[in-house]
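Colleague: Sequence below, structure please.
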Amino acid sequence: MPLSIVHRGGIAVVATGNPLRYVFHAERAARHPPALAGIEPRPIRSAAVIGGGTMGTGIAAALLHAGLPLVLVERDEAAVERALARLRTIFDGAVKRGRISAGLAAERLAGVTGSTDYTAIAEADLIIEAVFEDLDVKRDVFRRLAAVCRADAILATNTSYLDPERIAADIGSRERFLGLHFFSPAQVMKLLEIVPTQATAPDVLATGFALARMLNKIPVRAGISDGFIGNRILKVTRAQAERLLLSGATPAAVDAAMRAFGLPMGPFEAQDLGGLDIAAFQRRAARARGETTFAPVADRLSAIERFGQKSGGGWYD
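Modeller: Have a look, this model is predicted:
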């Protein structure tokens, strides 16, 4: 009979039975880590998102679905309009799929304000940065945030690979800073990696977990490392999937096999949904550091801007 480990009150209990029982209990235990027992999270009544690309608008949609009013900041008016259009597309899609009513979608969209001015976020309880994955760009964002936001506002980075310690190097009150790594599309994917720095205050960390519960996501505390947890796994998965392609398999065949194995989505379907451009950027950054990466087919697709659903073509057309 298979064994599974169930965490109860912080104690690992070996139990017999289906290993899926472990997943069932672990997902629920993850929302309430024992180390944060008794620590009161800070209230979150309003939020702001910096960056209105695919990830930023996905995060904004998730926050709006939770009923949080927010400000979405972009670099210029044209970018603001594109970001708001992406948000409308997300909610229109939810209405068409029957997930929410048209009335509720309109109500949620009424809760977002687009702006190019950082002072518009001065009173936000939570500010999430979701700009281009570049250390200098992100550090500049947080320098500007620290100058205008409330002293008790929580500042979070959505970085996928960069070191949060380095991102927060120039801000004051670093105890209010942490990583909140969403997975694309952020309004759909359940995983939220919560990445504290050495300075992150316990109540700020507890607020990250409280936010995950508000957004109906599964929080996982992650240490600081290249790709944290999820992307380190995906990096290896993608490389092996490409080796199967070079051996003669098709993306559809690989995805079908992985769905039959039990995954809700195959690796190529997942890349088309989230976007091939994000991983391509990380590979370029890794090569610049002298690392070796393996993605010969994905690199060629990215070179001709087949980034997945966002561009109308990727692994699938």
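Colleague: Any idea what the most centrally placed residue in the chain is bridged to?
Modeller: Nearest to the mean C-alpha position of the chain, counting by C-alpha atoms, centre = their mean, stands F182 at 1.0 Å. For F182, the beta-bridge partners are L192 (DSSP bridges).
Colleague: That one reaches I59, doesn't it?
Modeller: Yes: counting by C-beta atoms under 8 Å, F182 touches I59, with 5.5 Å between them. Quick note: C-beta positions are derived from backbone N, CA and C, even for glycine.
Colleague: where do the contact lists of those two overlap?
Modeller: A130, N158 (C-beta atoms under 8 Å, 6 or more residues apart in numbering).
Colleague: tell me which element A285 falls in.
Modeller: Element membership for A285, per DSSP states H and E: helix 276-288.
Colleague: Quick one: neighbours of the closest residue to A169 other than its chain neighbours, just the number.
Modeller: Nearest residue to A169, sequence neighbours excluded (C-beta to C-beta, 6 or more residues apart in numbering): R139, at 6.8 Å. R139 has 18 neighbouring residues, counting by other C-beta atoms under 10 Å.
Colleague: same question, M189
Modeller: Neighbours of M189 using other C-beta under 10 Å come to 18.
Colleague: go on, the one 5 residues further on?
Modeller: Using other C-beta under 10 Å, the number of residues around I194 comes to 24.
Colleague: Determine the set of other helices and strands touching the top helix by length along the chain.
Modeller: In the chain, taking DSSP state H as the definition, the longest helix is helix 77-96. Other helices and strands packing on helix 77-96, by 3 or more C-beta pairs under 8 Å, 6 or more residues apart in numbering; DSSP states H and E, are helix 54-65, strand 70-73, helix 102-109, strand 112-115.
Colleague: Nearest to P264, out of these?
Modeller: Each of those has some distance to P264 by C-beta to C-beta; the shortest is helix 54-65, at 17.7 Å.
Colleague: ok, and what's touching the closest one?
Modeller: The contact list for helix 54-65 (C-beta under 8 Å, 6+ apart) reads 47, 49-50, 52, 70, 72, 83, 86-87, 90-91, 108-109, 111-112, 128, 130-131, 158, 182, 184-188, 215, 217, 275, 278, 310.
Colleague: Render the CA-only coordinates of it in PDB, please.
Modeller: Output of helix 54-65 as PDB, limited to C-alpha atoms (Å, rounded to 0.1, in the frame of the first residue of the first chain):
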ATOM      1  CA  THR A  54       0.500  40.200 -19.900                       C
ATOM      2  CA  MET A  55       1.600  39.500 -16.300                       C
ATOM      3  CA  GLY A  56       0.700  42.800 -14.900                       C
ATOM      4  CA  THR A  57      -2.900  42.700 -16.300                       C
ATOM      5  CA  GLY A  58      -3.300  39.100 -15.100                       C
ATOM      6  CA  ILE A  59      -2.300  40.100 -11.600                       C
ATOM      7  CA  ALA A  60      -4.600  43.100 -11.800                       C
ATOM      8  CA  ALA A  61      -7.500  40.900 -12.900                       C
ATOM      9  CA  ALA A  62      -6.900  38.500 -10.000                       C
ATOM     10  CA  LEU A  63      -7.000  41.400  -7.600                       C
ATOM     11  CA  LEU A  64     -10.100  42.800  -9.200                       C
ATOM     12  CA  HIS A  65     -11.800  39.400  -9.000                       C
END
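Colleague: and that helix, what's its mean pLDDT?
Modeller: Averaging pLDDT along helix 54-65 yields 96.
Colleague: any idea how far it is from the chain center?
Modeller: Remark: helix 54-65 is offset 10 Å from the chain centroid, using C-alpha atoms, centre = their mean, to the nearest Å.
Colleague: do stretch 249-258 as well
Modeller: Its chain's C-alpha centre and that of stretch 249-258 lie 25 Å apart, by C-alpha atoms, centre = their mean.
Colleague: Buried ones in it, by neighbour count?
Modeller: Along stretch 249-258, these residues count as buried under the neighbour rule (16 or more other C-beta atoms under 10 Å): P251, V254, D255, M258.
Colleague: Could you do stretch 300-317 as well?
Modeller: L301, S302, R306, F307, G308, Q309, K310, S311, G314, W315.
Colleague: can you check stretch 169-177 too?
Modeller: Judged by neighbour count using 16+ other C-beta under 10 Å, the buried positions of stretch 169-177 are I171, R174, E175, R176, F177.
Colleague: Format those as a markdown table; extra columns: distance to Q282, secondary structure and pLDDT.
Modeller: Shown next, in a markdown table, are those (distance: C-beta to C-beta, whole Å; DSSP: H, G, I helix; E, B strand; the rest coil; pLDDT from 0 to 100):
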| residue | distance to Q282 | secondary structure | pLDDT |
| --- | --- | --- | --- |
| I171 | 24 | coil | 90 |
| R174 | 25 | helix | 94 |
| E175 | 29 | helix | 97 |
| R176 | 27 | helix | 97 |
| F177 | 22 | strand | 97 |
